[in-house]
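1. all I have is the shape, not the residue letters:
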């Protein structure tokens with residue numbers, strides 16, 4: 001059931017997004033700052049937008065946007081650092097995958113990423129997305145799950161978050177049935193690879209932002225996975 005709080009939450013979210021899209025001075029500032037400080041912006045985008053996805057997941061699961069032990073700030077910290085890793089992966093795979101296609105004989109593949117839409121750029125983008133999601137994404141998803149469990153186990157507090165993470169214990173007790181059969185086998189081929197193919201068709205300055213916006217979609221995925 002839609003509540004008044006949902007309408008307020010949606011209105012605030014849309015207002016903030018509209019500021020960066022339709023208000024020229026704000027959009028110009030974003031473009032300039034993003035160009036000069038890409039990694040800082042990656043941290044902020046994921047800390048805000050991917051955490052927003054988790055807040056939405058909590059709302060779907062419990063009917064509330066926050067609850068004791070949720071750990072909003074620790075989750076923002078985790079997503080901020082994951083954002084740095086994701087931007088790093090974007091730089092590596094967006095260069096390496098087209099170079100691999102060139103190695104296979106498609107000599108114009110690296111150059112195609114610099115221009116407008118072509119069938120070769122589509123192949124580039126699909127190859128970048130596929131290699132990144134098969135090589136990098138499972139590791140990132142596992143790290144995220146470990147930190148997520150750690151946040152819950154330590155009560156969602158800042159002090160608890162900075163306590164030692166019992167990685168081996170958490171790793172052994174994770175629900176690998178859901179991780180493998182849903183998160184890896186279904187979301188990677190059917191959602192993330194197509195979604196990130198679109199990401200790499202975009203101009204470079206918008207890719208990390210679009211990927212962070214996908215964090216909202218991730219919230220829905222997390223809600224489904226939690227249900228399982």
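-> Okay, I see it. Small disclaimer: the values here were computed from a predicted structure and weren't measured.
2. contacts, neighbours, all on C-alpha from now
-> OK.
3. and the next helix or strand past the one helix or strand residue 31 maps to?
-> Using DSSP states H and E, residue 31 falls within helix 24-36. Remark: after helix 24-36, the chain's next helix or strand is helix 38-45, criterion DSSP H and E.
4. buried residues in the helix or strand of the chain with the lowest mean pLDDT?
-> Least confident helix or strand, the chain: helix 204-227 with a mean of 78, by mean pLDDT, DSSP states H and E. Residues 204, 207-223 are the ones in helix 204-227 that count as buried (16 or more other C-alpha atoms under 10 Å).
5. poorly predicted segments of the protein, please.
-> For the chain, residues meeting the criterion pLDDT under 70 lie at 1, 222-228.
6. tell me where the longest helix sits in it.
-> Of all the segments of type helix in the chain, defined by DSSP state H, the longest one is helix 72-103.
7. what packs against the helix or strand that comes right after that helix?
-> With elements assigned by DSSP H and E, the helix or strand that comes after helix 72-103 is helix 109-112. Using 3 or more C-alpha pairs under 8 Å, 6 or more residues apart in numbering; DSSP states H and E, the elements in contact with helix 109-112 are helix 72-103, helix 119-135.
8. pull out the buried positions in the last one.
-> Which is helix 119-135. Within helix 119-135, the residues scored as buried using 16+ other C-alpha under 10 Å are 120-133.
9. packing partners of it?
-> In terms of contacts (3+ C-alpha pairs under 8 Å, 6+ apart), helix 119-135 is packed against helix 72-103, helix 109-112, helix 193-201.
10. residues contacting that helix, please?
-> 89-90, 93-94, 96-98, 101, 109-110, 112-113, 188, 192-194, 196-201 (C-alpha atoms under 8 Å, 6 or more residues apart in numbering).
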